[in-house]
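Novice: quick one, fold the following:
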Amino acid sequence: MTKVLILRARDKIKPIQVRGIDIVQIPVIYTVPNEEVINTISLAGVDYVIVMSSMVVKYLGDKLKTELGDNTRLIGVGPATCEAIRRLGLNCEMPSEYSSYGVVEHMRSMKGGKVVILRSSKGSDYVRTELSRMGFNVNEYGVYDVMADPIASRIACGLVDFVDFVVFMSPMTYEAVSNCARDALGNRVIVAIGRTTAMRLLRDGIRALAPHEYTQDGVLGLINQLTTSSESPD
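Specialist: Below is the predicted model:
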């Protein structure tokens with residue numbers, strides 16, 4: 001049976017069952033709300049609010065429900081984020097690529113205006129930089145901090161040698177285990193949730209596959225495809 005190790009955030013752990021695949025999920029990171037930043041955020045008079053993860057919705061749900069204007073457009077990066085936004089009774093639009101790059105492309109067709117970007121404190125400043133260059137008035141907030149769990153990270157590092165695939169669900173999940181697992185990863189098939197995560201791995205010389213759709217289903221579909229093709233007769 002194919003063995004898969006998925007490294008992700010503590011709040012994202014949910015049962016996963018895929019026929020013929022043994023999946024182990026380790027929560028190598030966790031999030032902590034940045035209360036000082038949250039208290040400074042105002043969404044009044046904003047034209048576009050870009051929500052970079054579902055964790056933003058967890059910590060800012062009340063502000064999103066009460067402070068947005070009728071004409072404010074909400075952009076969520078991926079199905080999970082938009083689903084969390086829609087559970088608040090709000091509309092949400094998604095870029096075609098569920099990443100920072102997809103957000104920038106999505107915004108190219110928009111007229112200028114005030115933009116608020118809501119993300120983790122560890123997130124890339126790529127969206128802010130590019131939108132500012134395009135003429136938008138941009139404010140960005142690190143709504144929460146991402147922390148490595150040292151105990152879970154050590155457990156994950158100990159499992160790398162015993163699995164066929166290692167999946168990183170964000171750049172920070174790699175950062176959490178890079179010191180203890182980097183060498184062992186060279187002997188495994190590495191899957192990154194998307195382009196940003198794959199590029200972080202490549203900076204350390206680790207090549208990762210990425211699914212066409214940057215979601216958990218996309219990752220599992222890619223692994224299933226690779227597993228099936230390797231078992232097919234010549």
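
Novice: so what's the residue nearest the centre of the chain scoring on pLDDT?
Specialist: When Cα atoms, centre = their mean is applied to the chain, the residue found nearest the centroid is residue 170 (5.1 Å). Per-residue pLDDT puts residue 170 at 95.

Novice: again, but for residue 135
Specialist: For residue 135, the predicted pLDDT is 96.

Novice: doesn't residue 112 make contact with it?
Specialist: Yes - with contact defined as Cβ atoms under 8 Å, residue 135 reaches residue 112; the gap is 4.9 Å. Where you see a C-beta, it was placed from the backbone N, CA and C, and this is true even at glycine.

Novice: those two - which one has more neighbours?
Specialist: Neighbour count, other Cβ atoms under 10 Å: between residue 135 and residue 112, residue 112 has more, with 13 against 10.

Novice: could you report the distance from the more buried one to residue 6?
Specialist: According to Cβ to Cβ, to the nearest Å, residue 112 stands 40 Å off from residue 6.

Novice: per-residue confidence at the residue lying closest to residue 148 once chain neighbours are set aside?
Specialist: Distance criterion Cβ to Cβ, 6 or more residues apart in numbering; nearest residue to residue 148, sequence neighbours excluded, is residue 176 at 3.9 Å. As predicted, residue 176 sits at a pLDDT of 97.

Novice: element containing residue 176?
Specialist: Secondary structure assignment for residue 176, by DSSP states H and E: helix 171-185.

Novice: which strands and helices sit next to the helix or strand just after that helix?
Specialist: Once the chain leaves helix 171-185, the next helix or strand it forms, by DSSP H and E, is strand 189-192. When contacts are defined as 3 or more Cβ pairs under 8 Å, 6 or more residues apart in numbering; DSSP states H and E, strand 189-192 packs onto strand 165-168, helix 195-203, helix 216-231.

Novice: indicate which one of the ones you listed is closest to residue 12.
Specialist: Residue 12 sits nearest to helix 216-231 of all the helices and strands packed on strand 189-192, at 8.5 Å, using Cβ to Cβ.

Novice: chain center to the closest one, what's the gap?
Specialist: Relative to its chain's centre, helix 216-231 lies at 20 Å (Cα atoms, centre = their mean, to the nearest Å).

Novice: which residues touch the residue nearest to the centre of the chain?
Specialist: For residue 170, the contacting residues are 8-9, 29, 146, 193, 197, by Cβ atoms under 8 Å, 6 or more residues apart in numbering.

Novice: same question, residue 178
Specialist: By Cβ under 8 Å, 6+ apart, residue 178 lies in contact with residue 204.

Novice: equivalent analysis for residue 111, please.
Specialist: For residue 111, the contact set (Cβ under 8 Å, 6+ apart) is empty.

Novice: mind telling me what element it is part of?
Specialist: Following DSSP H and E, there is no helix or strand that holds residue 111.

Novice: per-domain residue ranges of the chain.
Specialist: The chain is divided into the following domains under automatic domain parsing: 2-30+148-231, 32-146.

Novice: just for this protein, where's the confidence low?
Specialist: For the chain, the stretches flagged by pLDDT under 70 are 230-234.

Novice: ok so residue 147 is a strand residue?
Specialist: Yes - according to DSSP: H, G, I helix; E, B strand; the rest coil, residue 147 belongs to a strand.

Novice: for residue 121, see how far away it is.
Specialist: 10 Å.

Novice: next: residue 199.
Specialist: Taken as Cβ to Cβ, the span from residue 199 to residue 121 is 19 Å.
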